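Student: Sequence first, predicted model second:
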Amino acid sequence: MTDGMALAEGALPKVAMPRQARWRFNQKPKDTVQWLMSGAAFAEDAASSSGKDDAEGSASGGGAGGGGGGAAPLIGPAELAQWFLTEEGLSTEAVGAFLGGSSETSTATLAGYVGRLSLGGLTLDTALRYFLSLFRLPGEAQQIDRILQAFAEAWAAANPSGGVMNADVAYVLSFSLIMLNTDLHSNQIVHKMTLEQWLSNNRGIGIDGADLPRALLEQLYAAVKSEEIRRISEETKYIRGAVREGWLVKQGGRIKTWRRRWVVLASGGVLYYFDDPKAAAPKGVLPLEDVIVRASSERPFAFILSHSESAGGRIKSAKAAKSGATRGSLVQGHHAAFLFAADSEEERQRWMRALKMEATVSRTTSFRRASLKLDDKSMCASTSSLTLAEYSGERASSAACAAPVDMN
């Protein structure tokens, strides 16, 4: 787990982009990047804003649209990298495909992307876990190769090892960790790789053909075996930057039973809970706006999320509608508090630290929607996760895609 690590991307300012940039990028990444870098995007946005101001300005004395007459911002690889890291609602699949591309722009953007991450002091598996939570790794071998090479170079530069490991070794070992992860956690593989097999597979991969320290390889094997390196799936590709995820038990709202849920805390302060890690859509979503976190005695290792202003305050949340015309939609929740419990005191403290950090960040966001319909097929074909991200505040354009979802 990244356990709420303070990484450089969390402190980056957002990049000013035209209003349609996010939606267009999710549909056609390469075309949108060309559009942004050409300057035409801002001209179109200014013209659109100006037209709206002309139509609405008489009632308000003139509007402050996006076309204020200033020079259009220059968009290059550095700005794209920062946008990819700070913009909520971007398709992580589209981001991964673009970063793994072979064009000069993709290569420069990838370098800027990894250069904005603070990887110093992190073990290779911990850094890899976080890195792969930010975007969906593409399936093409050459794209994976480019992305892992850039990651390895950034990690090695941030973690000088005194001659034990350089960028080339980190690159080979990153590939090996991904293969080990698949072997140990795939249901399709019956006979799992043993520690001795792992050690044997990684003999002679050190600098100048040397063996890496056995203790290092044993540590990496144990870390991956105990905790899967989870990559973004097709179903959750719009939930980027998982700060922490894992099993918790959650108390029901009206019926006070406890049920096991897979919980994902996303970067930017949004908590999702699912039936299981492979569920197509969450049971609910909770933006951590005006939320405080504290320990609870309701159950061993429990903690409670409640409204920060008053005892009677309602937490802003969304849950799956179970019946009626809104079945398959997200509707506003009416929780005064959310109760979760971990498996141990150590796990409770980790979750509470991460939640407190993200709740502090999220208080600057605004909560816009009381309910969301996920049944408008005419908008575009996408997953419901984009709309879920939109629910937590300024995270998706008004043209956000939605698909029918049954979350019951």
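Tutor: Structure's in. What do you need?
Student: helix/strand/coil for Glu93?
Tutor: Glu93 falls in the helix class when you classify it by DSSP: H, G, I helix; E, B strand; the rest coil.
Student: Surely it touches Arg136?
Tutor: Yes: counting by Cβ atoms under 8 Å, Arg136 is a contact partner of Glu93 at 4.4 Å. Placement of C-beta: from N, CA and C, glycine included.
Student: Model confidence for Met1, exactly?
Tutor: On pLDDT, Met1 comes in at 37.
Student: If you could redo that for Ala281, that was the one I meant.
Tutor: At Ala281, the pLDDT value in this model is 74.
Student: Quick one: find the helix or strand in this structure with the lowest mean pLDDT.
Tutor: The weakest-scoring helix or strand in the chain, judged by mean pLDDT, DSSP states H and E, is helix 385-391 (a mean of 35).
Student: buried set for stretch 275-292?
Tutor: For stretch 275-292, the neighbour count (16 or more other Cβ atoms under 10 Å) marks 275, 279-291 as buried.
Student: List every C-alpha atom in it, with coordinates, as CSV.
Tutor: Provided in CSV are the C-alpha atoms of stretch 275-292 (Å, rounded to 0.1, in the frame of the first residue of the first chain):
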residue,chain,number,x,y,z
ASP,A,275,-18.6,-5.9,-3.0
ASP,A,276,-15.2,-7.2,-4.1
PRO,A,277,-12.0,-6.1,-5.9
LYS,A,278,-13.4,-7.2,-9.3
ALA,A,279,-16.8,-5.6,-9.0
ALA,A,280,-17.8,-3.6,-12.1
ALA,A,281,-19.1,-0.6,-10.0
PRO,A,282,-19.1,0.5,-6.4
LYS,A,283,-21.9,0.1,-3.9
GLY,A,284,-21.3,3.7,-2.8
VAL,A,285,-19.0,6.7,-3.1
LEU,A,286,-18.0,9.2,-0.3
PRO,A,287,-16.2,12.5,-1.1
LEU,A,288,-14.3,13.3,2.0
GLU,A,289,-15.5,16.9,2.2
ASP,A,290,-16.0,18.3,5.7
VAL,A,291,-15.4,14.9,7.2
ILE,A,292,-13.5,14.0,10.4
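Student: just to revisit the earlier point, okay if I get the buried residues of stretch 275-292 as JSON lines plus secondary structure?
Tutor: Below are the buried residues of stretch 275-292 laid out as JSON lines (three-state DSSP):
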{"residue": "Asp275", "secondary structure": "coil"}
{"residue": "Ala279", "secondary structure": "coil"}
{"residue": "Ala280", "secondary structure": "coil"}
{"residue": "Ala281", "secondary structure": "coil"}
{"residue": "Pro282", "secondary structure": "coil"}
{"residue": "Lys283", "secondary structure": "coil"}
{"residue": "Gly284", "secondary structure": "strand"}
{"residue": "Val285", "secondary structure": "strand"}
{"residue": "Leu286", "secondary structure": "strand"}
{"residue": "Pro287", "secondary structure": "strand"}
{"residue": "Leu288", "secondary structure": "coil"}
{"residue": "Glu289", "secondary structure": "coil"}
{"residue": "Asp290", "secondary structure": "coil"}
{"residue": "Val291", "secondary structure": "strand"}
